[in-house]
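[1] Need a 3D model of the following:
(one chain, ligands or ions: 2)
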Amino acid sequence: MRSRSFWLDGTGDPPPTSRTPPSGRDVDVVGAGIAGITTAYLLKRAGMTVALIEADDQLATGVTGHTTAKVTSQHSTIYSTLTRSFGPETARAYGTGQQLAIDWIVSEAAVLGAEADLSRRDSYVYAEQESSVSQLRTEADAALEAGLPASFVTGTDLPLPVAGAIRFTAQAQFHPRRWLLALAAMIPGDGSDIVTGTRATGLTEGDPCVVDTTSGSVHGRHVVVATHYPIFDRGLFFARLEPRRDLVVAGRADLGAVPHDMYISAEDRHSIRTTPLDDGGVLLIVGGEPHRVGARASVARHYDDLSRWAQQRFPVQEVPYRWLAHDLTTVDALPYVGRFHPRARNVWVATGFGHWGMTNGTLAGLLLRDLITGEENPLAGLLDPARRTVRQSAAEFVKANAYVAARLIGDRMDTAVARHGTDSIPAGHGRVVAAGTRAIAAYRDDDGMLHCRSARCTHLGCLVVFNDAERTWDCPCHASRFATDGRVLAGPAVRPLPPVEPPG
Ligand SMILES: Cc1cc2nc3c(=O)[nH]c(=O)nc-3n(C[C@H](O)[C@H](O)[C@H](O)COP(=O)(O)OP(=O)(O)OC[C@H]3O[C@@H](n4cnc5c(N)ncnc54)[C@H](O)[C@@H]3O)c2cc1C
Ligand code: FES
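    Ligands and ions are numbered 1, 2, ... in the order given. As a prediction, the model looks like this:
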């Protein structure tokens, strides 16, 4: 079964877009996920002209189109982590920002009359093991001290034996793409535009800045890099962000047989929510199987394991939807939102949402609007990419890079295939094979035809691995993804895998 995200399935008409990037806007926003669209919307509302530039043909098809879209300040057990590492004031400031983002979404949805299946729900982190309860109690105390609507409870509406849980009241959930298309619809006009099918490939900083794209170069007074993993990396972001992939499966369920609220496990990160279907039914959405790209040979097996987990616990007959994406964690668990690098005057970045980008991506938009329009914002120092807490987190920095170093230096070529040639690659599969000093990403299509590209990722040169569930080449280092014809599907890479001759 091929992957298919429920959020991208028949979401309605996008706002008018163009293929030609316009020059001379106040702000060029690169990347139309939740961070980019929210930022562009808010800057236009603040009276600026914007060009929102997106590589894909559609908006919000990146990680934001492959999320579970809980809109909550409950980010697993972050408040005890922040309190322990940096003190209760940091935890309080972070929590205040997340609640602000929820309130802004709820009030703006009312102003816009946005049909985005937005509803208020409680959110829970739960534990099945008694041994996890003390960790949850510590987190509940830290969250309460941070001013959040938190309490430790033992009862939930989950059909699972739960040893304990932390409840956050009056959180929210929505349909992320419907929400973002409602915001995006307000962007075109009065000197602002949305440009799709156009990949940014280069940046020259100055006054104005010049963004090179696959459809020509554009000038803008400011540039916002909202490409998830930052492209044109001048802030060494690749060395201080850690990608982790999560999978999601979803299937129709009976309303009375699924929980009303939103859940995430403290122990194995299984994530549970529902969403209404247009025919009045309900879809159960279950996330899980967190892993580093390339950590396990078969992605299809991760999907099987997650489907089995969901179907053993909930009465779901079929799982017609399944999707995956990775998100990025920073070395100190706080997002990077602010100047692209310490000397940048008019280039800005938003990344590292730590698997909680619905609120963090929204907060990034609110903060970037203030930074670009010269307004004070109390969160500017906390989220500044050059902040002190990043420098304090040297151990995490080393950990994040050890995996990448191993992938850069290590040779993951499939020597068995190299010995036997590519004949043993079955239809619909791909493998990295050695040909002299070259590493070749060899994929055999359903008609038996072999397609060979360089296996060296065009970002920094790690060897890609084949994703058997999606039929893509994925990079384990910073999670760029490529189609079997070499096209970039997700950055930070901006150039395709070049074609190469098949091994002789
Ligand atoms: C499985 C999963 C479940 C999650 N569940 C939740 C949840 O319940 N709640 C929550 O708060 N968060 C959740 N998250 C995290 C959240 O989804 C992300 O943090 C968020 O969507 C990231 O948004 P973004 O705008 O940074 O990135 P994206 O949505 O990826 O947007 C970046 C955009 O930039 C474009 N782009 C990239 N390179 C270029 C280029 N060179 N030129 C032009 N455009 C480019 C991409 O095509 C893309 O559209 C989840 C994440 C995953 C993976
Ligand atoms: S080397 Fe960085 S994404 Fe591949």
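
[2] Which single residue of the stretch 51-200 of the chain ends up nearest ligand 1?
    residue 62 (2.5 Å; Cβ to the nearest ligand atom). Heads up, the C-betas are built off the backbone N, CA and C, glycines and all.

[3] and the nearest residue to that residue once chain neighbours are set aside, what is it in contact with?
    What sits nearest to residue 62 in space, not counting adjacent residues and going by Cβ to Cβ, 6 or more residues apart in numbering, is residue 33, at 4.7 Å. When contacts are counted by Cβ atoms under 8 Å, 6 or more residues apart in numbering, residue 33 is found next to 60, 62-64, 180, 226, 228, 357, 361.

[4] Residue 33 and residue 217, how far apart?
    Separation of residue 33 from residue 217 (Cβ to Cβ, to the nearest Å) stands at 23 Å.

[5] quick one on the thing from earlier: could you export the contacts of residue 33 as JSON lines, including distance to residue 146?
    Below are these laid out as JSON lines (distance: Cβ to Cβ, whole Å):
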{"residue": "60", "distance to residue 146": "30"}
{"residue": "62", "distance to residue 146": "30"}
{"residue": "63", "distance to residue 146": "26"}
{"residue": "64", "distance to residue 146": "26"}
{"residue": "180", "distance to residue 146": "28"}
{"residue": "226", "distance to residue 146": "27"}
{"residue": "228", "distance to residue 146": "27"}
{"residue": "357", "distance to residue 146": "20"}
{"residue": "361", "distance to residue 146": "20"}
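
[6] For those, work out which two are farthest apart.
    The largest distance within the contacts of residue 33, taken as Cβ to Cβ, falls between 180 and 228 and amounts to 14.1 Å.

[7] sorry, back to before: cross the contacts of residue 33 against helices and list the overlap.
    180, 357, 361 (DSSP state H).

[8] Restricted to buried residues, select these in PyMOL.
    Selecting the buried subset of these in PyMOL, with 16 or more other Cβ atoms under 10 Å as the burial test, is done by:
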select buried, resi 180+357+361
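
[9] ok, of the ones in helices among the contacts of residue 33, which one's closest to ligand 2?
    Each of these was checked against ligand 2 using Cβ to the nearest ligand atom; the closest is residue 357, at 19.0 Å.

[10] what's near enough to touch the nearest residue to that closest one once chain neighbours are set aside?
    In space, not counting the residues next to it along the chain, residue 357 is nearest to residue 34; the distance is 5.7 Å by Cβ to Cβ, 6+ apart. Under the criterion of Cβ under 8 Å, 6+ apart, the contact partners of residue 34 comprise 60, 64, 176, 180, 357-358, 361-362.

[11] Touching, the residue of the stretch 51-200 of the chain closest to ligand 1 and residue 488? I think so.
    No: under the criterion of Cβ atoms under 8 Å, residue 62 makes no contact with residue 488, lying 11.8 Å away.

[12] With neighbour numbers in mind, choose between those two.
    For the pair residue 62 and residue 488, the greater number of neighbours falls to residue 62 (25 against 20), based on other Cβ atoms under 10 Å.

[13] Phi first, then psi, for the more buried one.
    phi -80, psi -140 (degrees, to the nearest 10).

[14] roughly how far apart are it and residue 80?
    In this structure, residue 62 and residue 80 are 31 Å apart, going by Cβ to Cβ.

[15] try residue 145
    The span separating residue 145 from residue 80 equals 10 Å under the rule Cβ to Cβ.

[16] the more surrounded of those two?
    Neighbours were tallied for residue 145 and for residue 80 using other Cβ under 10 Å; the higher tally belongs to residue 80 (21 against 16).

[17] In terms of helices and strands, where is the more buried one?
    helix 78-86 (DSSP states H and E).

[18] So in the chain, which strand runs the longest?
    When the chain is scanned for its longest strand (criterion: DSSP state E), the result is strand 241-253.

[19] Run the contact check for that one versus ligand 2.
    No: with Cβ under 6 Å from any ligand atom as the measure, strand 241-253 is seen stopping short of ligand 2, the closest distance being 8.5 Å.

[20] Pull the number of nearby residues for the residue nearest to residue 365 when sequence neighbours are not counted.
    Nearest-residue entry for residue 365: residue 38, 3.1 Å, with adjacent residues in sequence omitted and distances by Cβ to Cβ, 6+ apart. When neighbours are counted by other Cβ under 10 Å, residue 38 registers 29.

[21] repeat for residue 503
    Taking other Cβ under 10 Å as the criterion, the count of residues near residue 503 is 17.

[22] Could you confirm it falls within a strand?
    No: secondary structure assignment places residue 503 outside any strand; it is coil (DSSP: H, G, I helix; E, B strand; the rest coil).
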